[in-house]
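Asks: got a sequence here, can you build the structure:
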Amino acid sequence: MGQIKIIVEKHIDGYVAYPIGLKGIVVGEGNTYEEALADVKSAIQFHIETFGKDAFIEEDIIETFIAEVVV
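Replies: The predicted structure follows:
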């Protein structure tokens, strides 16, 4: 398995983590950064074991941006 980029968000009640580049919804959570990262890593491994190569978005992601907009 290769490297996968993970977004980790800190919320009032804990952390949420999710990968970039996988199809479907894969999320991890925890009370700490480390717990959320470990949880999402486990979820990613299960997702890839379940869906194989179909788990990945077909094209490479060149860059990832975080933007903020007013709605």
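Asks: show me where the protein dips below the pLDDT cut-off.
Replies: For the chain, the stretches with pLDDT under 70 are 1.
Asks: ranges for the helices of it?
Replies: Using DSSP state H, the helices assigned to the chain run over residues 33-51.
Asks: strands of that one, start to end?
Replies: Per DSSP state E, the chain carries strands over the ranges 6-11, 14-19, 28-30.
Asks: residue contacts, the spatially closest residue to residue 54 that is not a sequence neighbour?
Replies: Counting by Cβ to Cβ, 6 or more residues apart in numbering, residue 54 lies nearest to residue 23, which is 7.1 Å off, once chain neighbours are set aside. (C-beta placed from N, C-alpha, C; glycine too.) Residues counted as contacts of residue 23 (Cβ atoms under 8 Å, 6 or more residues apart in numbering) are 51, 54, 55, 56, 57.
Asks: got a winner among the residues you listed for most neighbours?
Replies: residue 55 (18 neighbours; other Cβ atoms under 10 Å).
Asks: with residue 21 as the reference, measure out to that one.
Replies: Note on residue 55: its distance to residue 21, by Cβ to Cβ, to the nearest Å, is 9 Å.
Asks: if we can go back for a sec, now tabulate the strands of the chain in CSV and tack on mean neighbour count and distance to residue 61.
Replies: Formatted as CSV, the strands of the chain follow (neighbours: other Cβ atoms under 10 Å; distance: least, Cβ to Cβ, whole Å):
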stretch, mean neighbour count, distance to residue 61
strand 6-11, 12, 12
strand 14-19, 18, 11
strand 28-30, 18, 19
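Asks: these: which one's closest to residue 43?
Replies: strand 28-30 (5.3 Å; Cβ to Cβ).
Asks: returning to that earlier point: between the strands of the chain, which gets nearest to residue 64?
Replies: Across the strands of the chain, residue 64 has its closest neighbour in strand 6-11 (8.0 Å, Cβ to Cβ).
Asks: hang on, the earlier thing: okay, the residue nearest to residue 54 and residue 55: tell me how far apart.
Replies: Distance from residue 23 to residue 55, by Cβ to Cβ: 6 Å.
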